[in-house]
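Chemist: Give me coordinates for this.
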Amino acid sequence: MKWGNSVEAQADAVGGALPSRAQQQADALQAMTLADALRQLADEMTVERWRLLALGRSKVAKLRIEAITVDDVSKWRDKRLQGAKPSTVVRELSLMQTAIDRARGNNASSEANPLRHVKRPRIDHRRERRLTDDEWQRLLWAAGECLNPLMRPLLLLARETAMRRGELLSMKWRDVDLEACTILLPKTKNGHARFVPLSPTAVEVLHQLPRTDDRVLPTTTNAVRLNWQRLRTRAQVEDIRLHDLRAQAATDKLLAGWSVAEVQVLTGHRDAGVLLERYARLRASDVVKRMHATE
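Modeler: This next block holds a predicted model:
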């Protein structure tokens, strides 16, 4: 009876008709704060949970996402830069942007997200690190010696697909199509689903993996982190990061003659400038080889 009275009261309030589901969602979005959106994202991105929850306690996060402006975020950015590295602030701005995109859903215009128009701090420490063939073989050998049998397949797939660590660990067998040679990633860092093309090597690796779990690589983020530290030491390649394999993959494809657009399909970068500036680790010697090879 209480529920019936409540429904009737809602109907009376809007002239006898209940609001549609779309209207209810729109009303909920109007009331949602950036902190709410960050907490929702924290439930999905467990690797970044602590950072997302910390961002949710900031002053700017108390604002409604429909009312937040570029100026609001710019003021937060400038203050945050007083106590944090530019790379940290860039990462946090990206997480805020993703949180708002996810909260608004796929039908909303991404350009309406004010975070997309906030200028990012310049990061001066651009990494140029590339693996030599010998280092790569040592890493694969060390991965094969790990107690975790998934480390070697993970490294191979990381270099072949340019996927992020979180994307690799979240892969589901139901999204793998070995006949079409693609993997569907329903949730990515930028909030957009994408298909990842699979090389012959990647297909072979997937064929060899046992299907004992819904996930392709059923291991934890912490296990990967600890095993990666140990195998780097065993391989005597201490200054390489797991994320460097993503940049290595992009560089490999560009050196093989892929177009920038093709590499974007592989990496999922929507901005070619970001791909070329941060992930394409080409050297003058690479260009010289290409120039003389055509003469």
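Chemist: Please make it C-alpha for all contacts and neighbour counts, starting now.
Modeler: Fine.
Chemist: Do a quick rundown of the strands in the protein.
Modeler: Secondary structure of the chain by DSSP state E: the strands cover 176-177, 182-185, 194-197.
Chemist: For the lengthiest helix in the chain, buried residues please.
Modeler: Using DSSP state H to assign secondary structure, the helix with the most residues in the chain is helix 86-104. Within helix 86-104, the residues that count as buried by 16 or more other Cα atoms under 10 Å are 86-87, 89-90, 92-104.
Chemist: Contacts made by it with the rest, please.
Modeler: 29, 34, 37-38, 40-41, 51-52, 55, 65, 77, 80-81, 108, 110, 113, 115-116, 120-123, 189-191 (Cα atoms under 8 Å, 6 or more residues apart in numbering).
Chemist: okay, the strands of the chain in TSV with distance to residue 156, mean neighbour count and mean pLDDT next?
Modeler: Compiled in TSV, the strands of the chain are given as follows (distance: least, Cα to Cα, whole Å; neighbours: other Cα atoms under 10 Å; pLDDT from 0 to 100):
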stretch	distance to residue 156	mean neighbour count	mean pLDDT
strand 176-177	16	17	95
strand 182-185	15	19	93
strand 194-197	14	18	92
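Chemist: remind me which residues of the protein are low pLDDT?
Modeler: The chain contains residues with pLDDT under 70 at 7, 11, 13-29, 106-110, 124-127, 190-191, 273-283, 286-287, 291, 294-295.
Chemist: spatially speaking, which residue is in the middle of it?
Modeler: The centroid of the chain falls nearest to residue 189 when counting by Cα atoms, centre = their mean (2.9 Å).
Chemist: Next up, the contacts around that residue.
Modeler: Residue 189 is in contact with residue 98, counting by Cα under 8 Å, 6+ apart.
Chemist: let's see it at 10 Å
Modeler: Contact partners of residue 189, counting by Cα atoms under 10 Å, 6 or more residues apart in numbering, are 45, 94-95, 97-99, 164, 166-167, 268.
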